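Asker: got a predicted structure plus its sequence, pasted below:
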Amino acid sequence: MPAIRTKSQLPAMASPTAFPVTHAAAALGVLAALALAVPAGAQTMHRSPHMEETANIVGLKGGFVSAFSQGQSRVGGGLGPFYERNVIPGWLELEAAMVFTWIEDETVIGFDLFAKKPFHVNELVNPYVGLGPNVSIIFRPEETIARFGILATAGSYFWFRESSWGLDLEVVYLLLFDSDLIHELAVEFGPVFRF
């Protein structure tokens, strides 16, 4: 006969703040699965009207950030430059970024390096998904600490016709390992240049 469980032995239910994070993680997982299903022959490097293929992108992104930790949420904003290099045409791009973020009483400098899977739908729209590590230096009124994390991203480049200029729009999820896990969800956008 099975033992009867007390209330303290039952599995814990997810907190209400974990709900949006769970859905964001599931959406990124679906996008990553779709990335693996696209054949290599359907992909090209970043197209430019002045060059047959381009391998580099530089840009500046700004955005809004929501941070969730210990049942509380906080909002802020950020700004930062990035550089992207096309490593395997149609399959792998590497991006290095530095982001300055302000969330209420904290200032954060984040360093990201992540691998991206591009989808070159046409000359003007180039969606992507990505995953990689993060190091964040957090400046608080009482202390300065460094934390490590993992980030996932999904977004798209939107290129202007007959130009090397465009816009980048993306959603970023960052999981930072602190004394308690910190979940950050950001929407970022800004100008980009390919060469």
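Answerer: Arrived safely.
Asker: so in this structure, where's the weakest helix or strand by average pLDDT?
Answerer: Ranked by mean pLDDT, DSSP states H and E, the weakest helix or strand in the chain is helix 18-37, scoring a mean of 47.
Asker: any idea what residue 99 is bridged to?
Answerer: Beta-bridge pairing of residue 99, defined through DSSP bridges, involves residue 110.
Asker: how close does it get to residue 140?
Answerer: The gap separating residue 99 from residue 140 is 17 Å, by CB to CB, to the nearest Å. For glycine as for every other residue, the C-beta is placed from the backbone atoms N, C-alpha and C.
Asker: so for these two, which sits in the more crowded spot?
Answerer: Higher neighbour count among residue 99 and residue 140: residue 99, with 24 against 11, using other CB atoms under 10 Å.
Asker: the more buried one contacts residue 107, correct?
Answerer: No. With contact defined as CB atoms under 8 Å, residue 99 does not count as touching residue 107 (11.3 Å).
Asker: which stretches in this protein count as strands?
Answerer: 46-48, 51-54, 56-69, 72-88, 92-103, 106-118, 125-139, 144-159, 165-177, 182-194 (DSSP state E).
Asker: hmm, residue 60 is touching residue 191, no?
Answerer: Yes. Applying CB under 8 Å as the test, residue 60 and residue 191 come out as touching, 6.2 Å apart.
Asker: just give me the neighbour total for residue 84.
Answerer: By other CB under 10 Å, 25 other residues sit near residue 84.
Asker: er, residue 194 I mean
Answerer: 25.
Asker: partner residues bridging it?
Answerer: Counting by DSSP bridges, the residues bridging with residue 194 are residue 57.
Asker: and it, what's its pLDDT?
Answerer: If you check residue 194, the pLDDT there is 95.
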